[in-house]
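**Q** quick check, what structure comes out for this input:
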Amino acid sequence: MKTLLRFKENVISVHGLVISGPLLPLLFQHLRCCSGATIQWKNERVPIKCSDLLDEFTTYCYARDLPRAMNALNALQIQKIWADAVTYSELIKCCLARGAVEHGKRVHQHVFSNGYEPKTFLVNTLMNMYVKFNMLEEAQALFDQMSERNVVSWTTMIAAYSSAKINNKALEFLIFMMRDGVKPNMFTYSSVLRACDDLSNLRQLHCSLLKVGLESDVFVRSALIDVYSKMGQLECAMCTFNEMVTGDLVVWNSIIGGFAQNSDGDEALTLFKRMKRAGFSADQSTLTSALRACTSLALLEVGRQVHVHVLKFKRDLILDNALLDMYCKCGNLEDAHQIFSQMVEKDVISWSTMIIGYAQNGFSRKALELFKEMKVSGIRPNYITVLGVLFACSHAGLVEDGQFYFHSMKKLFGIDPGREHYGCMVDLLGRSGKLDEAVKLIHEMGCEPDAVTWRTLLGACRVHRNMDLAEYAAKQIIKLDPSDAGTYILLSNIYARTQKWEDVMDLRRSMKERGVKKEPGCSWIEVNKQIHAFIMGDNSHPQKEEINKELNQIIWRLKEVGYVPDTNFVLQDLEDEQMEDSLLYHSEKIAVAFGILSLSREKTIRIRKNLRICGDCHLFVKLLAQIEHRSIVIRDPIRYHHFQDGICSCGDYW
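**A** You can find the predicted model right below:
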């Protein structure tokens, strides 16, 4: 049946449906749709063709002209005409690019209207659109009504649930897919592997991959390495990597990133060098992992070498943040500040990294000033940002400021206080001598206090010499972490000072029964791009005689200016001479002596150690920096100590 459309006084009438408004000229332009029909336009009857509207609709879709394409779609709907699936897919891409959810839904409605059955390809495209819009329920509903599903249909849903961390659904869909007789491909496996949070499931999937011969696929191998690494199974990750000659950068990036994320920076950098020797050029992902490795090892000079490679690429926010973190964690705030000030784009990670960098390196005032700048910039603080602010307050003695931010973080920033925030507040109150308030806050925590929280209180008790509360805190730590040798030693010393020798013996017996041994202190120093490690009592270094001679000379010079070894930091029931000897050869003292020997006076001596620096070593390095006119930076697991002119950036409290 032919259709007659009449245009009169800015109104178009189609089968009695009245259409009017400013879109009339556009709509009229598209209503050339029904072969053999005519349109009445200003008393003139114009024949129109079905192909005209389809051609224009197709043109607008490929040109990504969304408004005109949607107007043409409305005209297609009126005339019950459908375009081909590829054209609709172009329109859906346009909706995705513009974030046009409602337009996307309108396309969905159109292609299923009037009994029309779209091809599987088009339904998959619509399903993918809903996934990209984070509308999983709509994607699932569309999947459920499909009469025919192919590997793309199943993989789309598996990838969607995997990305949404609904891991059980992703694994469940893989089982249903195989029962349905659809064979998974490399994209299916690479998606479902990332949904594995159980080692037994991962191993079953790995076996399945070997059976179908997909283990050599780049994306599948990369996913396998990623997941083994996230589970801490670095040996399995390495075996997967070594199974065949690697011919793709993606796989190299996965294995380097795996070791870097697991704080095995040494192996990550070794692999980075292997990759370079194999003829692969690093990309942004490789360099980000290399920077993380340098950060974990506090290798400033190697980090600077990686920075040179970074300069070959366009500015990248992720790389800039990794550089920023590396310089902050290596204690080089000058370069960190320069990177930060030159960043074209800054996100909450950039601001938080710099704030925490200042706070951990002892520049609390600068950290708080930067926090004010961050708020002015419009960036909303997150959980980590507030943690950095509270850390800065605790190390600057700003009790009122710290309490304000802690008690208002939910109201101001929508962040619930976590265990780390409570720990910072316990530290802040403990530093200021408010030990009773600190204990009260621990008991008011919304979550159970962990050993770290009690250790924080124990540190404050040691400084303020509250032995009763120190004993209570130490016992809480031992309950939560029976292998914490440092706490046993501190508690043993408390008993020894108060002549409780039976308690000392009981504690030593308990340590022996539980097999608790003090972790040996180890310090690392980088000299001429080589890492030198020192452990107390280890004489394996080739320059051991020169180092010991230099250390003895340093101790002699320091004693001349009043240095007396503080034996409070060793077991109290040792003989005086034994206590002093065990202090004089702590690993950081040996590393400092090697630094004095190896580095010119204008170079900063940078040391990283595995245990918190003791009070005696702190005093030792502070005096040495003064008499030698040297700059010395020591990074322990808690914070950074910048020693210069007889002063430490921590203000003698750590």
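
**Q** CA atoms for contacts and neighbours, from now on please.
**A** OK.

**Q** tell me which helix or strand residue 552 sits in.
**A** Assigned by DSSP states H and E, residue 552 belongs to helix 544-560.

**Q** any idea of the mean pLDDT for that helix?
**A** Averaging pLDDT along helix 544-560 yields 92.

**Q** and that helix, what does it pack against?
**A** For helix 544-560, the packing partners by 3 or more Cα pairs under 8 Å, 6 or more residues apart in numbering; DSSP states H and E come out as helix 587-598, helix 615-628.

**Q** which strands or helices does whichever helix or strand comes after the longest one pack on?
**A** Just to be clear, that refers to helix 615-628. Using DSSP H and E, the helix or strand that follows helix 615-628 in sequence is strand 632-635. Where contact means 3+ Cα pairs under 8 Å, 6+ apart, strand 632-635 is packed against strand 605-609, strand 640-644.

**Q** now these as CSV including mean neighbour count?
**A** Formatted as CSV, those follow (neighbours: other Cα atoms under 10 Å):
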stretch, mean neighbour count
strand 605-609, 25
strand 640-644, 25
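
**Q** so which of these comes closest to residue 630?
**A** strand 640-644 (6.5 Å; Cα to Cα).

**Q** what are the ranges of the helices in the stretch 151-300 of the chain?
**A** Taking DSSP state H, counting those that start in this stretch as the test, the helices found in the stretch 151-300 of the chain are 151-163, 167-179, 186-193, 199-212, 218-230, 234-242, 249-261, 265-277, 284-297, 300-310.

**Q** hmm, back to that, out of the helices and strands packed on helix 544-560, which one sits most buried?
**A** Most buried of those, by mean neighbour count (mean count of other Cα atoms under 10 Å): helix 587-598, with a mean of 23.

**Q** pLDDT averaged over it - what is it?
**A** Helix 587-598 comes out at a mean pLDDT of 94.

**Q** now the angle from it to helix 615-628?
**A** Angle of helix 587-598 versus helix 615-628, following axes from the mean of the first three to the mean of the last three Cα atoms, to 10 degrees, is 20 degrees.

**Q** after the helix or strand where residue 470 lies comes which helix or strand?
**A** Element membership of residue 470, judged by DSSP H and E, is helix 467-480. Following helix 467-480 in sequence order, the next helix or strand is helix 485-497 (DSSP H and E).

**Q** flag every buried residue along stretch 368-383.
**A** 368, 370, 371, 374, 381, 383 (16 or more other Cα atoms under 10 Å).

**Q** between the residues you listed, which is nearest residue 58?
**A** Nearest to residue 58 among the buried residues of stretch 368-383, with distances taken as Cα to Cα, is residue 381, at 45.9 Å.

**Q** related to what we said a few turns ago, distance between the helix holding residue 552 and the chain's centre?
**A** 43 Å (Cα atoms, centre = their mean, to the nearest Å).

**Q** kindly report the same for stretch 288-301.
**A** The answer for stretch 288-301 is 15 Å, by Cα atoms, centre = their mean.

**Q** how about stretch 129-144?
**A** Distance, centroid of stretch 129-144 to centroid of chain: 28 Å (Cα atoms, centre = their mean).

**Q** quick one: contacts of that stretch?
**A** Contacts with stretch 129-144, where a contact means Cα atoms under 8 Å, 6 or more residues apart in numbering, come from 92-93, 96, 99, 101, 104, 123, 126-128, 153, 157, 160.

**Q** what's the most distant pair in those residues?
**A** Farthest pair in the contacts of stretch 129-144, by Cα to Cα: 99 and 153, 22.2 Å.

**Q** ok, those two, which is more surrounded?
**A** residue 153 (20 against 13; other Cα atoms under 10 Å).

**Q** mind putting the helices and strands packed on helix 544-560 into CSV with distance to residue 59?
**A** What follows is the helices and strands packed on helix 544-560, written out as CSV (distance: least, Cα to Cα, whole Å):
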stretch, distance to residue 59
helix 587-598, 71
helix 615-628, 74
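
**Q** and the helix holding residue 470, C-alpha only, in PDB?
**A** Provided in PDB are the C-alpha atoms of helix 467-480 (Å, rounded to 0.1, in the frame of the first residue of the first chain):
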ATOM      1  CA  MET A 467      57.100   0.300  81.000                       C
ATOM      2  CA  ASP A 468      53.800  -1.100  82.300                       C
ATOM      3  CA  LEU A 469      51.900  -0.100  79.100                       C
ATOM      4  CA  ALA A 470      54.900  -1.200  77.000                       C
ATOM      5  CA  GLU A 471      54.600  -4.700  78.600                       C
ATOM      6  CA  TYR A 472      50.900  -4.800  77.800                       C
ATOM      7  CA  ALA A 473      51.400  -3.700  74.200                       C
ATOM      8  CA  ALA A 474      54.200  -6.200  73.700                       C
ATOM      9  CA  LYS A 475      52.000  -9.100  75.000                       C
ATOM     10  CA  GLN A 476      49.300  -8.100  72.500                       C
ATOM     11  CA  ILE A 477      51.800  -8.200  69.700                       C
ATOM     12  CA  ILE A 478      53.100 -11.600  70.600                       C
ATOM     13  CA  LYS A 479      49.500 -12.900  70.700                       C
ATOM     14  CA  LEU A 480      48.900 -11.700  67.200                       C
END
